[in-house]
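Asker: I'll drop the sequence and a predicted model, then ask my questions.
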Amino acid sequence: MRYIEPHGHMVSRTTDDYLDMVTAGCAAVCEPAFWAGFDRGSASGFRDYFGQLTEHEPRRAARYGLPHFCWLCINPKESEDTRLAEDVIALIPEFLGRPTVLGIGEIGLNKNSRNELRVLEMHVDLAARHDQLILVHTPHLEDKLKGTRLILDVLRADSRIRPERVLIDHVEEHTVRMVLDHGHWGGMTLYPISKCTPARAVDILDVYGSDRLWMNSACDWGESVPLAVPRTALEMRRRGWSAAAVDRVVYQNPVRFLSQCPKFRLPEEG
Ligand SMILES: [Zn+2]
């Protein structure tokens, strides 16, 4: 089996996880900028983090022969302080030219607040000005439907944004249709306790088909499983999906979306 982990917070994981992922067939990992589990106190904390994502972590992954890419932003959980957000967004352009940066993400909403919306609009503007792909985080549980609607409205309001260059992550049964109908890609996040279980993800694929959908583990510092994607691939096989159809979802789909950024190249492609 080969697969892409298109959304993994590897700075939170051990090198054993890298070893397990590569052993299971992982061909590339992409790491969106995320909350650290605590609020950073200044923009310089983000500068260090962006250095970690663009320099240190690719080196750590390379020890296992695994290409590592990343996305940059200030995440929604730290977007209440709009002054800090402005400072962080101002320093992102100096990192956008780095060879493994794929775009702006994971931006979005957490509590659907006014300040979060303002910071989301600032990120969308940043992505449009620099012609970047966008990766969007949608809120959890009861806030997800409303938050997804608000996010789709922000994206549609900016005429510079091409829907096929935006992936809306953490979709579930009640949000996947609207995301696809807006022309975006959708990501299903496979979590053991919240978000989507492997069985639910395969149900969604059975209902909505596999076009413009990917799966990820999001493996972060919380309860999460770095091998969730290959395990869900096994669940797909168990339920009758062919090896070729599984490959399309866990490998070819992420490659298709991510290749819209010319920097996303896998070794065998030269
Ligand atoms: Zn994430």
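Answerer: Alright, I've got the coordinates.
Asker: roughly how far apart are the residue lying closest to Ala36 once chain neighbours are set aside and Ala43?
Answerer: Distances taken as CB to CB, 6 or more residues apart in numbering put Tyr49 closest to Ala36, at 7.2 Å, once the chain neighbours are dropped. (Each C-beta comes from the backbone N, C-alpha and C, glycine too.) Tyr49 is 10 Å from Ala43, where distance means CB to CB, to the nearest Å.
Asker: For the ion, give me its nearest residue in the stretch 51-200 of the chain.
Answerer: Glu106 (5.1 Å; CB to the ion).
Asker: so which helix or strand takes in that residue?
Answerer: Here Glu106, judged by DSSP states H and E, is contained in strand 101-108.
Asker: Quick check: which helices or strands does that strand pack against?
Answerer: Applying 3 or more CB pairs under 8 Å, 6 or more residues apart in numbering; DSSP states H and E, one finds that strand 101-108 contacts strand 26-32, strand 68-72, helix 114-129, strand 133-137.
Asker: Point out the most buried one among those.
Answerer: Among those, strand 133-137 has the highest mean neighbour count (mean count of other CB atoms under 10 Å), at a mean of 28.
Asker: if we look at it, which residues are touching it?
Answerer: Strand 133-137 has contacts (CB atoms under 8 Å, 6 or more residues apart in numbering) with 7, 32, 71, 75-76, 102-110, 123-124, 127, 151, 155, 161, 165-170, 187, 257-258, 260-261.
Asker: can you pull the contacts of the nearest residue to Arg239 once chain neighbours are set aside?
Answerer: Spatial nearest neighbour of Arg239, excluding adjacent residues (CB to CB, 6+ apart): Val202 at 5.8 Å. With contact taken as CB under 8 Å, 6+ apart, Val202 is in contact with Thr232, Glu235, Met236, Arg239, Trp241.
Asker: Give me the distance between Val202 and the ion.
Answerer: To the ion, Val202 is 21 Å away according to CB to the ion, to the nearest Å.
Asker: Quickly find the element holding Met215.
Answerer: Counting by DSSP H and E, Met215 is found in strand 213-216.
Asker: Buried residues, that strand. List them.
Answerer: Leu213, Trp214, Met215, Asn216 (16 or more other CB atoms under 10 Å).
Asker: and the residue lying closest to the first one once chain neighbours are set aside, what are its phi and psi?
Answerer: The reference is to Leu213. Nearest residue to Leu213, sequence neighbours excluded (CB to CB, 6+ apart): Gly186, at 5.1 Å. Note on Gly186: backbone dihedrals following degrees, to the nearest 10 are phi -120, psi 140.
Asker: Show me what from the stretch 151-270 of the chain comes close to the ion.
Answerer: Ala218 (CB under 5 Å from the ion).
Asker: where do the helices sit along the stretch 151-270 of the chain?
Answerer: 176-181, 198-208, 228-238, 243-247, 253-258 (DSSP state H, counting those that start in this stretch).
Asker: any chance of those helices in a markdown table, plus mean pLDDT and distance to Phe95?
Answerer: Shown next, in a markdown table, are the helices of the stretch 151-270 of the chain (pLDDT from 0 to 100; distance: least, CB to CB, whole Å):
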| stretch | mean pLDDT | distance to Phe95 |
| --- | --- | --- |
| helix 176-181 | 97 | 28 |
| helix 198-208 | 94 | 32 |
| helix 228-238 | 96 | 27 |
| helix 243-247 | 97 | 33 |
| helix 253-258 | 98 | 18 |
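Asker: For the ion, what's its nearest residue on the stretch 101-250 of the chain.
Answerer: Ala218 (4.7 Å).
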